[in-house]
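S.K.: A predicted structure for the sequence below; I have some questions about it.
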There are 2 protein chains.
Amino acid sequence: MTLEISPVNKMGLSGQIAEAIRDAIVSGQITVGERLPSETELADRFGVSRPTVREALKRLAAQRLIRTQRGATGGAFVNQITWDEAYDDLITTSTLLISMNDVDFAAAAEARFTLERACIPLAAKRRTEEHLQRMRTELDAQADADLTDEQFCASDVAFHRALVDAAGNPILSYQLAGAVEAIEPLMNMLTYTARERARVVALHRRIADAIWARDATEAAVALDEVSDYTLALAKEVRDRRAGGG
Amino acid sequence: MTLEISPVNKMGLSGQIAEAIRDAIVSGQITVGERLPSETELADRFGVSRPTVREALKRLAAQRLIRTQRGATGGAFVNQITWDEAYDDLITTSTLLISMNDVDFAAAAEARFTLERACIPLAAKRRTEEHLQRMRTELDAQADADLTDEQFCASDVAFHRALVDAAGNPILSYQLAGAVEAIEPLMNMLTYTARERARVVALHRRIADAIWARDATEAAVALDEVSDYTLALAKEVRDRRAGGG
DNA sequence: AAAGCCTAAATGTCAGACATTACCGGTTTC
DNA sequence: GAAACCGGTAATGTCTGACATTTAGGCTTT
């Protein structure tokens, strides 16, 4: 691991150290599972104090590049990033991005349904019984009239994630997790009436049945209807609010 | 901001403080651009020392939730996450995920082309002169025979990003940045002959022309050819290596 | 009134110390 | 002889207090 850091740098010492260690990890100088030198040794090598090293390590831990463990054989280990961990990060980042940058509902919904439609041919080809079961579970849940709008939307998200996972491509699942889950807060702003819910559930059932029958075309048609319906509903809500306020 | 933290928690004090501040940000108790209390005051409020607070702040800074500024009017400010910053994070995370989890080239390429194909109808509808210009620039670059394989792949990535950006949906662009750029290292493992390059460039030109003509069908056909060709080339390389080693 | 200095407040860094945790080895016991 | 127990030890986690550095804004001086 290189240990050349310049004392005068706007990034700060801890920033430079973090970058040096990150480079060592991504370039493969330290492999997954391997232990980093102890904090004291790192401090010696870089010529800085231990708190400074610790700040650098915390930054890397926040990006899940390393994981720390206490005790005699403890230390900082290069962490193997799992898909699930990355899901969480992507979802929180996407949610923040959408809320902070005033992304309108139409754009978010467009992204979501566009990506989802792209998964349908693969899902129809590769769906397993497990994926079908997950979709059916959510369909049953959505039929419950006692569900709050939040619960209904959460189940909606779970249904669509099952659809995406059915495509059997971890990268697609990963990418879509952000698009699908991040706009759940936006979806929650919609209020569904009983009749609207029934219609959405019916469309979901059409999608599930089509995926079961490996009929990608039918599933795509049903998804397009969900898309159109969601956008129309959002427009209606927006107009009603504009008129009321 | 709440300041309830339990001293006994496997997450550690700094972790709990980081989470408390993050919750305050995402729940809107502290708005974008607003300044957090000073480190000393946070330390007092949470009943911990300043280094502990600093570690928590570094974790949040690593996630770009806050940005720190030195000086008299300095401090930690809630940062507005920009799309470009998020791009970088997504790309590095995706790259690490792919390299650490032994994602095979076929799955990565499938994800990439699937998502890209989904953007074509939108791109054909909304492309501006700027996007067309970006694609043409990369086409010209790719025609240069002196390009290394790395440079050729980089230009390839830039071309496809221009295509995705032409869809005019920032969320789609964001999501796809990960899929497209993260597999560039995998693409670099391929070695293109002059003839293969010419074929790929010809297909790229077909795509660009089709987008210009707003012909989504033709663009999709050409993209499918690129996809098939890339996968075939990858298979060939794999077989050759398996035979040679 | 404008230019320059100076102070204050905040982050950045350092040093040393103690607390806590968990493995590792030897010791004890059955 | 094997299993349970128990300190030693090395590492992270945290605290205290201090100094360095940076920057804004007020104050003084011209």
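M.R.: Yep, that arrived.

S.K.: use CA for all of it now, contacts and neighbours both
M.R.: Fine.

S.K.: Get me the contact residues on chain A for DNA strand C.
M.R.: Chain A has residues A:12-14, A:47-52, A:69-74 near DNA strand C, with proximity defined as C-alpha under 7 Å from any atom of the strand.

S.K.: Near DNA strand D, which residues of chain A? Just list them.
M.R.: Chain A comes close to DNA strand D at residues A:8, A:37-40, A:51, A:54, A:68-76, as judged by C-alpha under 7 Å from any atom of the strand.

S.K.: Could you single out the nearest of those to DNA strand C?
M.R.: Nearest to DNA strand C among these, counting by C-alpha to the nearest atom of the strand, is A:Gly71 at 3.1 Å.

S.K.: these two touch, right, A:Ala167 and A:Thr128?
M.R.: No. With contacts counted by C-alpha atoms under 8 Å, A:Ala167 stays clear of A:Thr128, the gap being 9.5 Å.

S.K.: Have a look at these two and say which one is more surrounded.
M.R.: Neighbour count, other C-alpha atoms under 10 Å in any protein chain shown: between A:Ala167 and A:Thr128, A:Ala167 has more, with 24 against 16.

S.K.: which non-adjacent residue is nearest that one?
M.R.: Spatially, and ignoring its direct neighbours in sequence, A:Ala167 is nearest to A:Ala123 (3.8 Å; C-alpha to C-alpha, 6 or more residues apart in numbering or on different chains).

S.K.: In terms of helices and strands, where is the one you found?
M.R.: Assigned by DSSP states H and E, A:Ala123 belongs to helix A:105-126.

S.K.: after that helix comes which helix or strand?
M.R.: helix A:129-143.

S.K.: May I see the buried residues of the lowest-mean-pLDDT helix or strand in chain A?
M.R.: Every helix and strand of chain A was ranked by mean pLDDT, DSSP states H and E. The lowest is helix A:184-187, at a mean of 80. Using 16 or more other C-alpha atoms under 10 Å in any protein chain shown as the test for burial, helix A:184-187 gives A:Glu184, A:Leu186, A:Met187.

S.K.: anything in the biggest helix by length in chain A near chain B?
M.R.: In chain A, taking DSSP state H as the definition, the longest helix is helix A:216-244. No. Between helix A:216-244 and chain B, judged by C-alpha under 8 Å from any C-alpha of the partner chain, nothing touches; the nearest distance is 12.3 Å.

S.K.: quick one: low-confidence parts of chain A?
M.R.: A:1-10, A:194, A:243-245 (pLDDT under 70).

S.K.: Contact residues of it facing chain B?
M.R.: Residues of chain A lying near chain B by C-alpha under 8 Å from any C-alpha: A:26, A:32, A:51, A:54-55, A:58-63, A:80-83, A:86, A:90, A:93, A:96-97, A:100-101, A:107-108, A:111, A:114-115, A:117-119, A:169, A:171-172, A:175-176, A:178-179.

S.K.: wait, what's in contact with the residue lying closest to A:Thr114 once chain neighbours are set aside?
M.R.: Nearest residue to A:Thr114, sequence neighbours excluded (C-alpha to C-alpha, 6+ apart): B:Ala118, at 6.1 Å. B:Ala118 makes contact with A:Thr114, A:Leu115, A:Arg117, A:Ala118 under the criterion C-alpha atoms under 8 Å, 6 or more residues apart in numbering or on different chains.

S.K.: Including distance to A:Ala242, could those go into TSV?
M.R.: Output for the contacts of B:Ala118, formatted as TSV (distance: C-alpha to C-alpha, whole Å):
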residue	distance to A:Ala242
A:Thr114	28
A:Leu115	30
A:Arg117	31
A:Ala118	34
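
S.K.: Looking at these, state which has the most neighbours.
M.R.: A:Leu115 (26 neighbours).

S.K.: And it, how close does it get to DNA strand D?
M.R.: 39 Å (C-alpha to the nearest atom of the strand, to the nearest Å).

S.K.: That residue: what's it in contact with?
M.R.: Counting by C-alpha under 8 Å, 6+ apart, A:Leu115 makes contact with A:Leu176, B:Leu115, B:Ala118.

S.K.: sorry, back to before: just the buried ones out of the residues of chain A next to DNA strand C, please.
M.R.: Neighbour-count burial (16+ other C-alpha under 10 Å) applied to those gives A:Leu13, A:Ser14, A:Val48, A:Arg50, A:Pro51, A:Thr52.

S.K.: my read: the first one touches A:Arg54, true?
M.R.: This means A:Leu13. No. Assessed by C-alpha under 8 Å, A:Leu13 is found out of contact with A:Arg54, at 11.3 Å.

S.K.: Now do the helix or strand encompassing A:Thr93 against helix B:83-100, angle only.
M.R.: Taking DSSP H and E as the definition, one finds A:Thr93 inside helix A:83-100. In terms of direction (axes from the mean of the first three to the mean of the last three C-alpha atoms, to 10 degrees), helix A:83-100 departs from helix B:83-100 by 170 degrees.

S.K.: I'd like to check the angle between helix A:83-100 and helix A:105-126, please.
M.R.: Angle of helix A:83-100 versus helix A:105-126, following the same axes, to 10 degrees, is 160 degrees.

S.K.: And helix A:83-100, what's buried?
M.R.: A:83, A:86-87, A:89-91, A:93-100.

S.K.: Kindly reformat these as JSON lines containing distance to A:Met135.
M.R.: Compiled in JSON lines, the buried residues of helix A:83-100 are given as follows (distance: C-alpha to C-alpha, whole Å):
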{"residue": "A:Trp83", "distance to A:Met135": "21"}
{"residue": "A:Ala86", "distance to A:Met135": "23"}
{"residue": "A:Tyr87", "distance to A:Met135": "20"}
{"residue": "A:Asp89", "distance to A:Met135": "25"}
{"residue": "A:Leu90", "distance to A:Met135": "23"}
{"residue": "A:Ile91", "distance to A:Met135": "21"}
{"residue": "A:Thr93", "distance to A:Met135": "26"}
{"residue": "A:Ser94", "distance to A:Met135": "24"}
{"residue": "A:Thr95", "distance to A:Met135": "24"}
{"residue": "A:Leu96", "distance to A:Met135": "28"}
{"residue": "A:Leu97", "distance to A:Met135": "29"}
{"residue": "A:Ile98", "distance to A:Met135": "27"}
{"residue": "A:Ser99", "distance to A:Met135": "28"}
{"residue": "A:Met100", "distance to A:Met135": "32"}
